[in-house]
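K.L.:
Give me a model of this one.
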Amino acid sequence: MNIFKSRKKQTKIAVLSIDGMPFTFAQKMAKTGKTPNLASLLNTGTCKRMNSVYPTVSSVAWSSFMTGVNPGSHNIYGFIDREPNPFNMFIPTSAKMKTRTLWEFLSDKGKKVVVINVPVTYPPRKVNGILIGCFLATSLDRIVYPAEYSRKLKDWGYRIDADAWLGRKDKEKFLEDIHLTLDKRMETGFKLMDSEEWDYFHLHIMESDRISHFLWEQWETGDPQWAPRFEQFWIEVDRYIAEFQNRLDKNTRFIVLSDHGFCSVKKEVYLNQWLIDNGYLVFNKAKPESLKEINPLTKAYSLIPGRIYLNLKGREWAGTIEQGSQQRRLTDELKQTLPEMTDPDTGEKIIQRVFTREEIYKGAFIHRAADLIAVPNDGYDIKGNLTAEKMTHKGELVGMHTYDDAFLYVDGMEMDDRQAEIIDVLPTIFKQMDVKIPPTVEGKPLL
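P.N.:
Sure, this is the predicted structure:
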């Protein structure tokens, strides 16, 4: 029996999401004349610079987009998370997401959907249409709903993700892999766009994030070898924007968005090392292999990026900090001392601001969030390593995410003047499709 309601004829939406494409970067590339299709979006459509989420991580941002709620409600806080007692670390997948998604809401209304590669869509949930999961999958056999489409993906040479480790070892092979993965993803998307019936179509480009982590600084500094190669990738993306848009009929609204911006990395910052140096984090041995080796003298520990958990008694496996007044004193102390952290080489401030979870999250699952979220100044990429020899390091990753520079284009719609937030896109789409916005959605339509 079909669990989905009968369809009604209404406005169709086609979304091309480009991971990590900054609004300001799109403007700069458009001015060079090298990306005429981005220039067209900026000049003839409605574009906005949009805010992401804290922490500014793709999994958190896209979870917020697809649910229209904040992390305290959808329960995705990073690419890595932990169970406090007994302690265990895990990668959050769609199985950990506690709210329904845009494509599930639309499926309930009888809308046909095709969704490809959006982060945190693996394992794929049941929809009225096709859902191809993201890079969290390890096999094409389990990446798609309905499962029988896995054979088509194999026949088409579909690739789950580019090999990011090549970016550290061999940039030439990395770029070959990036372009091949992008081409196969777009080819698959166009085949499904042309052959399947749909009311909502969403294709996600992840390769933009991968290349920016390894070549952003070279582009910013005008490196003669790699800056042109970086721009060539974006010229290719620009060509695909036009090919995507040209396939749409006049009754389909076109949306382009990203989830965060990018900037060059000045230093990686190992927050756990700072906690060790300042007496907040104590291990049972000099070179710990995991956070399971925390000594009860520990007051706090960190997970990437900048999430700090107090070692609370009754919650953590080795907890000794009393909940209540001792917890509040430690919270206030960390909020005061963390922003005093400076780059040992330049004296620059590393931390822009420290939030308590209650300041930025709300919802039934806020108790699973970190107690504190440290937001770095641009250029300081907070990591969670335990084996760093010093607090900062300049590594192979030369690009990092930024909060306030995501990109949003909505075809044919005059958006209001307020600051756009990524959770506002879902209700905006529903408004365009004349679909009632679910009462659980926290975002507000941008019109």
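K.L.:
going forward, measure contacts between C-alpha atoms and count neighbours the same way
P.N.:
Will do.
K.L.:
can you count the residues close to Leu215?
P.N.:
Leu215: 22 surrounding residues under other CA atoms under 10 Å.
K.L.:
per the record, what domains does the protein have?
P.N.:
12-264+400-432, 267-393 (automatic domain parsing).
K.L.:
want to throw those into TSV with distance to Val441 and mean pLDDT?
P.N.:
Output for the domains of the chain, formatted as TSV (distance: least, CA to CA, whole Å; pLDDT from 0 to 100):
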stretch	distance to Val441	mean pLDDT
domain 12-264+400-432	5	97
domain 267-393	11	96
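K.L.:
closest to Gly443 out of the ones you listed?
P.N.:
The closest of the domains of the chain to Gly443 is domain 12-264+400-432. By CA to CA, the value is 4.3 Å.
K.L.:
OK, contacts around the residue nearest the centre of the chain?
P.N.:
In the chain, the centroid-proximal residue (CA atoms, centre = their mean) is Ser58; its distance is 0.9 Å. Residues near Ser58 by CA atoms under 8 Å, 6 or more residues apart in numbering: Asp19, Pro119, Asp259, His260.
K.L.:
The first one contacts His260, correct?
P.N.:
Translated: Asp19. Yes. With contacts counted by CA atoms under 8 Å, Asp19 reaches His260, the gap being 7.4 Å.
K.L.:
Looking at the two, which has the bigger crowd around it?
P.N.:
Remark: of Asp19 and His260, His260 carries more neighbours, 31 against 25, as counted by other CA under 10 Å.
K.L.:
Which neighbouring elements make contact with the helix or strand in which Phe174 is found?
P.N.:
Using DSSP states H and E, Phe174 maps to helix 171-195. Applying 3 or more CA pairs under 8 Å, 6 or more residues apart in numbering; DSSP states H and E, we find helix 171-195 packed against strand 113-116, helix 166-169, strand 200-205, helix 207-220, helix 227-246.
K.L.:
So which elements touch the first one?
P.N.:
Right, strand 113-116. Using 3+ CA pairs under 8 Å, 6+ apart, strand 113-116 sits against helix 102-108, strand 129-132, helix 171-195, strand 200-205.
K.L.:
What are the phi and psi values at the closest residue to Ser290 other than its chain neighbours?
P.N.:
Spatial nearest neighbour of Ser290, excluding adjacent residues (CA to CA, 6 or more residues apart in numbering): Leu386 at 7.3 Å. Dihedral angles of Leu386 (phi, psi; degrees, to the nearest 10) stand at phi -110, psi -10.
K.L.:
Quick check: Leu386 vs Leu275, distance?
P.N.:
The gap separating Leu386 from Leu275 is 10 Å, by CA to CA, to the nearest Å.
K.L.:
Identify each of the helices in the chain and give its residue range.
P.N.:
Taking DSSP state H as the criterion, the chain carries its helices at 23-32, 36-44, 58-67, 71-74, 102-108, 149-155, 166-169, 171-195, 207-220, 227-246, 271-277, 325-337, 357-360, 425-432.
K.L.:
And the contacts of Ser58, which two are furthest apart?
P.N.:
Spatially, the most separated pair among the contacts of Ser58 is Pro119 and His260, at 13.3 Å (CA to CA).
K.L.:
re earlier: out of the helices of the chain, nearest to Tyr380?
P.N.:
helix 271-277 (10.9 Å).
K.L.:
Pull out the buried residues from the closest one.
P.N.:
Judged by neighbour count (16 or more other CA atoms under 10 Å), helix 271-277 contains these buried residues: Leu271, Asn272, Gln273, Trp274, Leu275, Ile276.
K.L.:
Same question for stretch 409-418.
P.N.:
For stretch 409-418, by 16+ other CA under 10 Å, it's Tyr409, Val410, Asp411, Met415.
K.L.:
And for Ile329, the neighbour number?
P.N.:
No Ile there; residue 329 is Arg. 11.
K.L.:
Could you double-check that Pro376 lies in contact with Ile351?
P.N.:
Yes. With contact taken as CA under 8 Å, Pro376 and Ile351 are classed as touching, separated by 4.2 Å.
K.L.:
before we move on, the earlier item: between the helices of the chain, which one is nearest to Asn88?
P.N.:
Judging those by CA to CA, what sits closest to Asn88 is helix 271-277, at 17.4 Å.
K.L.:
who touches that closest one?
P.N.:
281-282, 300-302, 306, 382-386, 388, 390-391.
K.L.:
Among these, which one sits closest to Glu220?
P.N.:
Ile382 (20.7 Å).
K.L.:
Quick check: beta-bridge partners of the closest one?
P.N.:
Under DSSP bridges, the beta-bridge partners of Ile382 are Val269.
K.L.:
which residues does it contact?
P.N.:
By CA under 8 Å, 6+ apart, Ile382 lies in contact with Glu268, Val269, Tyr270, Leu271, Ile304, Pro305, Gly306, Pro376.
K.L.:
Next, format these as TSV and append distance to Asn37.
P.N.:
Output for the contacts of Ile382, formatted as TSV (distance: CA to CA, whole Å):
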residue	distance to Asn37
Glu268	35
Val269	37
Tyr270	40
Leu271	41
Ile304	36
Pro305	34
Gly306	37
Pro376	33
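K.L.:
now, the most widely separated pair of the buried residues of helix 271-277?
P.N.:
Largest separation among the buried residues of helix 271-277 by CA to CA: Leu271 and Ile276, giving 8.7 Å.
K.L.:
And the nearest residue to Ala300 once chain neighbours are set aside, how close does it get to Tyr122?
P.N.:
Once flanking residues are discounted, Ala300 sits nearest to Leu310: 4.3 Å by CA to CA, 6+ apart. According to CA to CA, Leu310 and Tyr122 sit 30 Å apart.
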